[in-house]
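Enquirer: predicted coordinates and the sequence they were generated for:
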Amino acid sequence: MIVNEPYLTKDMKVIAIGRNYAAHAKELNNPLPTSPVIFMKPDTAVLKDNKPFYLPDFSSDIHYELEVVLKICKEGKHIAEKFASGYFDEVGLGIDFTARDIQNIHKEKGLPWELAKAFDNSAAISHFIPKDKIEDLNNLQFELKINGETRQNGNTSNILFSFEKIISFVSQYITLKKGDLIFTGTPEGVGQVQQGDKLEAWIGEEQFLNFDIK
């Protein structure tokens with residue numbers, strides 16, 4: 001079931017959660033966080049409608065990170081965790097493209113990640129479906145295939161911080177507005193993309209992404 005995007009506007013922001021799956025943190029030799037790690041992407045990072053992703057000239061090591069994405073449906077700040085589920089109404093998938101070579105340099109120097117995470121078209125997003133069409137958001141199976149081979153196979157039962165915890169935490173610092181997107185973290189299996197790769201992603205049996213790397 002494909003839903004139109006009536007309130008995905010240029011005023012929206014993309015908030016992303018890092019290290020929200022223990023196995024992914026381990027594969028990158030990162031410590032487990034005690035509270036959500038967040039970073040942001042501008043609206044110019046959004047890549048929609050299965051348009052191709054063009055490898056940028058400034059990096060030789062672009063990685064894919066498949067994530068469940070929440071769409072915020074109303075404005076809120078200082079949201080209590082027990083009410084947070086009322087602030088998103090649709091769910092989709094996204095790829096957080098990351099310039100890993102740049103990120104590693106910035107991490108070593110203690111610098112922000114924006115150049116590695118927030119560049120143009122670095123947030124590929126799918127269509128969205130109403131969350132009430134999903135039987136159990138806390139046991140949501142999602143998968144990424146590259147050239148027909150499974151690279152990531154995740155389940156939301158393994159997240160460190162729940163969707164509600166993320167929304168509540170972020171809203172203590174940043175007002176959430178209708179149309180904002182939250183990338184909720186990636187499972188293990190991240191890796192480099194190459195020119196000519198085809199990326200396909202599913203929630204259960206429904207395909208959400210199908211696009212090429214150029």
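Expert: Thanks, I have the structure now.
Enquirer: quick one: low-confidence ranges for this protein?
Expert: 1-10, 25 (pLDDT under 70).
Enquirer: most remote residue from it's center?
Expert: Distance from the C-alpha centroid of the chain peaks at residue 109, with 24.7 Å (C-alpha atoms, centre = their mean).
Enquirer: tell me where the protein has helices.
Expert: All helices of the chain, identified by DSSP state H, fall at 22-27, 100-109, 114-117, 163-171.
Enquirer: just those: most buried one?
Expert: Counting by mean count of other C-beta atoms under 10 Å, helix 163-171 has the highest mean neighbour count of the helices of the chain, with a mean of 22. For glycine as for every other residue, the C-beta is placed from the backbone atoms N, C-alpha and C.
Enquirer: so which elements touch that helix?
Expert: strand 66-72, strand 181-183 (3 or more C-beta pairs under 8 Å, 6 or more residues apart in numbering; DSSP states H and E).
Enquirer: make CSV out of those and add distance to residue 120 and mean neighbour count.
Expert: Listed next are the helices and strands packed on helix 163-171 as CSV, based on distance: least, C-beta to C-beta, whole Å; neighbours: other C-beta atoms under 10 Å:
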stretch, distance to residue 120, mean neighbour count
strand 66-72, 18, 25
strand 181-183, 16, 26
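Enquirer: so which of these is nearest residue 190?
Expert: For residue 190, the closest of the helices and strands packed on helix 163-171 is strand 66-72, at 8.3 Å, according to C-beta to C-beta.
Enquirer: run the chain-centre distance for the closest one.
Expert: Here strand 66-72 shows a centroid-to-chain-centroid distance of 5 Å under the convention C-alpha atoms, centre = their mean, to the nearest Å.
Enquirer: and for the spatially closest residue to residue 159 that is not a sequence neighbour, the neighbour number?
Expert: Excluding its sequence neighbours, the residue lying closest to residue 159 (C-beta to C-beta, 6 or more residues apart in numbering) is residue 20, at 5.1 Å. Neighbour count of residue 20, defined by other C-beta atoms under 10 Å: 27.
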